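Student: Next comes the sequence, and after it the predicted model I'd like to discuss.
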Amino acid sequence: MIVSMWQTGEGFYNDFRRWATDHFQRLGHTVIPLPAQGSVDRLGDLIFSMNFSPELARLARDLRKPYVCWVWDALVNYSLLNPAWASDYTIMFQFARSDAERFKAAGYRNVFYLPASTDEKTLLPSAGNGAASAGGIAWIGNCYSLSASPYASYKAACLKQGLSPACGLEAMDNFLEEVVRRPAHDLRLFFLDYVTARMPRFFETAPVPDRSYLAGGIDRALDFFVNYLLYHEVDIRMRSRLVQTLAPLGLDLWGEAPGWTPHLVPGVRFHGTCAFGPDLGSRLASARVCLNMSRTLSDGVNMRSFEIPACGAFQLALHSDDMAALYEDGREIVLFKTYEEARDKAAYYLEHDHERRQIAAAGRARFLRDHTLERRFESLASTLRRLGLGL
């Protein structure tokens with residue numbers, strides 16, 4: 001079989017494309033690149049991409065070829081639920097279980113839950129790295145605010161247009177603070193109900209970017225609100241508050257400086273970016289407590305959820321239903337639902353080495369048994385075979 005691999009995206013998308021290519025080639029299939037732009041000179045028997053592309057879904061439907069996508073950024077963007085994209089030729093694997101159910105409800109027939117994973121061999125620690133985090137808590141991740149948050153930009157745009165706080169700015173600030181206090185809830189349902197009931201004028205004034213795929217009856221203001229304002233602003237505020245809560249215990253932080261710099265407080269040692277691979281593995285393996293906070297507006301789990309146990313490290317993570325199903329809380333991972341619980345559990349396990357090491361070892365054993373990259377591709381291939389595709 002010839003697999004056309006879509007060449008788009010950066011960062012871990014490159015890693016996933018490489019891993020998928022290696023897997024397909026080991027099975028004897030031919031993998032050819034499918035450019036993100038420009039003409040397509042050759043198209044294989046099957047199209048594969050990381051994340052969902054409406055353009056590829058249309059292409060697959062028109063050419064009657066199967067399109068397989070493993071989707072990460074699903075409900076950060078509600079417009080992808082547009083049933084106009086649904087086709088029997090699209091076979092979608094979702095990182096988050098609830099996202100898979102929402103796509104099924106929107107009319108997509110071939111949707112399956114398949115969490116993320118990582119290749120543990122790429123994370124083998126290298127000599128001489130990781131000393132900076134050996135003393136306590138390590139958090140490797142980004143705070144998704146660059147020069148200014150989208151919410152701050154929205155407020156500035158409203159004020160420039162002469163819009164008064166009566167159209168929702170003051171209420172929005174109060175609302176965001178309420179959301180930030182609720183880290184373990186399904187934030188999407190909470191804020192959608194809240195906004196629909198209390199802030200109808202927001203949708204009349206929200207600026208909307210020019211994005212062609214928002215056609216087909218999707219509420220563009222809602223999409224903008226979810227994708228740019230609440231997703232980023234809630235995530236920024238929650239990460240900032242978690243940093244402030246854990247700082248007294250000593251926190252080593254890695255990530256992009258523009259996002260984290262406004263939120264640094266005494267007790268936080270900021271080290272800049274951390275490259276994927278041996279550098280990341282070294283930082284995780286040398287920390288006593290590895291903090292993990294998946295995206296707040298998705299109940300799925302991120303890559304770090306598998307990278308930490310792959311390195312044999314102890315993971316303290318924000319609770320989600322998916323995470324609790326993947327690892328046993330208190331035996332293979334430790335989960336928290338509030339900022340105070342994160343602080344108290346971090347302090348406890350910093351002082352109880354034996355229990356911490358037991359949980360770290362059990363987490364690694366669970367990863368190697370159930371969550372390796374090979375297990376994921378085996379599950380994907382098994383599903384495709386049931387659908388009549390010979391991968």
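Tutor: Structure's in. What do you need?

Student: got the domain boundaries for this protein?
Tutor: Domain segmentation of the chain under automatic domain parsing yields 2-116+373-386, 121-370.

Student: Comparing the ones you listed by mean pLDDT, which bottoms out?
Tutor: Among those, domain 121-370 carries the lowest mean pLDDT, a mean of 75.

Student: Next, count neighbours for the residue nearest to A347 when sequence neighbours are not counted.
Tutor: Nearest-residue entry for A347: L249, 5.9 Å, with adjacent residues in sequence omitted and distances by Cβ to Cβ, 6 or more residues apart in numbering. Quick note: C-beta positions are derived from backbone N, CA and C, even for glycine. Number of residues near L249 (other Cβ atoms under 10 Å) recorded here: 15.

Student: Angles on the backbone of C290, please.
Tutor: The phi/psi pair for C290 (degrees, to the nearest 10) reads phi -100, psi 120.

Student: Dig out what it forms beta bridges with.
Tutor: A138, Q315 (DSSP bridges).

Student: surely it meets L316?
Tutor: Yes: shown here, C290 and L316 form a contact pair, counting by Cβ atoms under 8 Å, at 6.9 Å.

Student: Overlap of the contact sets of the two?
Tutor: Residues touching both C290 and L316 by Cβ atoms under 8 Å, 6 or more residues apart in numbering: I137.

Student: And H352, how far from D344?
Tutor: Note on H352: its distance to D344, by Cβ to Cβ, to the nearest Å, is 12 Å.

Student: Please disregard the earlier target; I meant W19.
Tutor: In terms of Cβ to Cβ, W19 sits 37 Å off from D344.

Student: Same drill for these two, tell me which one is more crowded.
Tutor: W19 (20 against 13).

Student: what residues are up against that one?
Tutor: 119, 373, 377.

Student: Nearest spatial neighbour of the first one, chain-adjacent residues omitted?
Tutor: Distances taken as Cβ to Cβ, 6+ apart put L373 closest to D119, at 5.0 Å, once the chain neighbours are dropped.

Student: Report the contact partners of the one you found.
Tutor: Contacts of L373 (Cβ under 8 Å, 6+ apart): 19, 23, 117-120.

Student: Among these, which one has the most neighbours?
Tutor: T118 (27 neighbours).

Student: ok, V268 - how many residues close by?
Tutor: Per other Cβ under 10 Å, the neighbour tally for V268 reads 18.

Student: burial measure for P35, as a count.
Tutor: P35 has 12 neighbours, counted by other Cβ under 10 Å.

Student: Q7 is in contact with that one, correct?
Tutor: Yes: the criterion here is Cβ under 8 Å, and P35 meets it with Q7 at 5.7 Å.
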